[in-house]
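J.: Structure of the sequence below:
(one chain, ligands or ions: 1)
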Amino acid sequence: MSHNLLKGKKGIIFGALNEQSLAWQTALKCHEEGAQIVLTNAPIALRMGEINKLAEAINAPIIGADVTKMEDLAALIDQSMEHFGGKIDFILHSVGMSMNIRKGNPYTHLNHEWELKTLDISAVSFHRVLQVAYEKDALNEWASVVALTYIAAQRVFPDYNEMADAKSLLESIARSFGYHYGIKNKVRVNTISQSPTRTTAGSGVKGFDGFINFSEAMSPLGNASAEAFAGYCVTLFSDLTKYVTMQNLYHDGGYSSTGVTQPVVDKMASE
Ligand SMILES: NC(=O)c1ccc[n+]([C@@H]2O[C@H](COP(=O)([O-])OP(=O)(O)OC[C@H]3O[C@@H](n4cnc5c(N)ncnc54)[C@H](O)[C@@H]3O)[C@@H](O)[C@H]2O)c1
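T.: Residues are numbered from 1 along each chain as shown. So this is what the prediction gives:
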């Protein structure tokens, strides 16, 4: 059911790879709530072609951009403004990648070239997006920018590996840029810390099944789904949350505030 929360708003959504993607579900929800959208992903991801289905469903153009390339991001912002015929109201950064995780290198034995690539794609890219938008004055006043993060930025999850460091940097960039963009244009910048979710990036983490089941058992409300994420994200893009900025917001069914739950205590007692 639509509440028209994003009626008349225009946004760019990074990172819809397939139906499971957090960005995919968010694009559908933003469209349902009345927004116009530009979809973007890495050229290599576009070649897989899945995104065309989404583009058709929400009548959105697709503009390829590798988030590690300033010239790609500059072209994306220019072409998006041209398409919209004006400035942008929201951006979702839903991008992450680690070759060390993909290749199974443990945290104590990283390939540091790949580590730098992880930081570049998963964190510094957020600064790039914000900087390009800032320099081009591409965002309307009270625009809202959101990036996706995970609680491994605050606590250790051994197999989350170097992505934990990338997420810490990402959250710090949201705070720092949120200050500067708030002063300049009243633009707000936040990160949402999402429950583990079965997606291509999520499932790449070693032991993901154990990870997601543990989290489910430790969350009073259970893990938040991709669809639920999309709903929360819409509220942050809407005018109802205008004074929320520079925050890391947990969307995790209560996991981050829970020490232990009764089912976990019972399970430990039975072992
Ligand atoms: N799935 C989870 O459990 C979970 C939990 C918390 C946070 N997150 C975060 O959510 C975000 C989205 O991931 P997802 O779980 O939807 O998985 P996903 O694999 O569907 O999305 C990751 C996206 O990053 C894109 N990408 C990778 N390299 C890129 C590049 N160089 N340029 C442009 N795009 C690039 C991929 O093409 C893909 O679309 C990531 O930041 C991830 O860390 C995921």
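J.: For the chain, which segments count as helices?
T.: 22-32, 43-47, 51-58, 70-84, 99-103, 112-119, 125-135, 163-185, 200-203, 208-217, 226-237, 262-269 (DSSP state H).
J.: Quickly check: the shortest one near the ligand or not.
T.: Yes. For helix 200-203 and the ligand, the contact criterion (Cβ under 6 Å from any ligand atom) is met by 200, 201, 202. Every C-beta, even on glycine, is put in place using the N, C-alpha and C of the backbone.
J.: now, among those residues, which is nearest to residue 140?
T.: residue 201 (29.8 Å; Cβ to Cβ).
J.: Would you agree that closest one is in contact with residue 96?
T.: Yes. Under the contact definition of Cβ atoms under 8 Å, residue 201 touches residue 96, with a separation of 5.2 Å.
J.: Counting neighbours around each, name which of those two comes out higher.
T.: Comparing residue 201 with residue 96 by other Cβ atoms under 10 Å, the one with more neighbours is residue 96, at 24 against 21.
J.: if you skip the residues just before and after it, what's nearest to that one?
T.: Nearest residue to residue 96, sequence neighbours excluded (Cβ to Cβ, 6 or more residues apart in numbering): residue 122, at 4.4 Å.
J.: need the contact list for that neighbour.
T.: Residue 122 is in contact with 95, 96, 97, 98, 163, 166, 167, 170, counting by Cβ atoms under 8 Å, 6 or more residues apart in numbering.
J.: One more: residue 95?
T.: 14, 15, 67, 121, 122, 125.
J.: out of these, which touch the ligand?
T.: Okay, of the contacts of residue 95 touching the ligand (Cβ under 6 Å from any ligand atom), that's 15, 67, 121.
J.: who's in contact with the first one?
T.: So the one you mean is residue 15. 21, 22, 23, 41, 92, 93, 94, 95, 148.
J.: Mind checking which of the ones next to the ligand among the contacts of residue 95 are in strands?
T.: Per DSSP state E, strands hold no members of those.
J.: how about TSV for the residues you listed, with pLDDT added?
T.: Below are the ones next to the ligand among the contacts of residue 95 laid out as TSV (pLDDT from 0 to 100):
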residue	pLDDT
15	98
67	98
121	98
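J.: Filter the contacts of residue 15 down to the ones in strands?
T.: 92, 93, 148.
J.: For the second one, give its distance to residue 269.
T.: Separation of residue 93 from residue 269 (Cβ to Cβ, to the nearest Å) stands at 42 Å.
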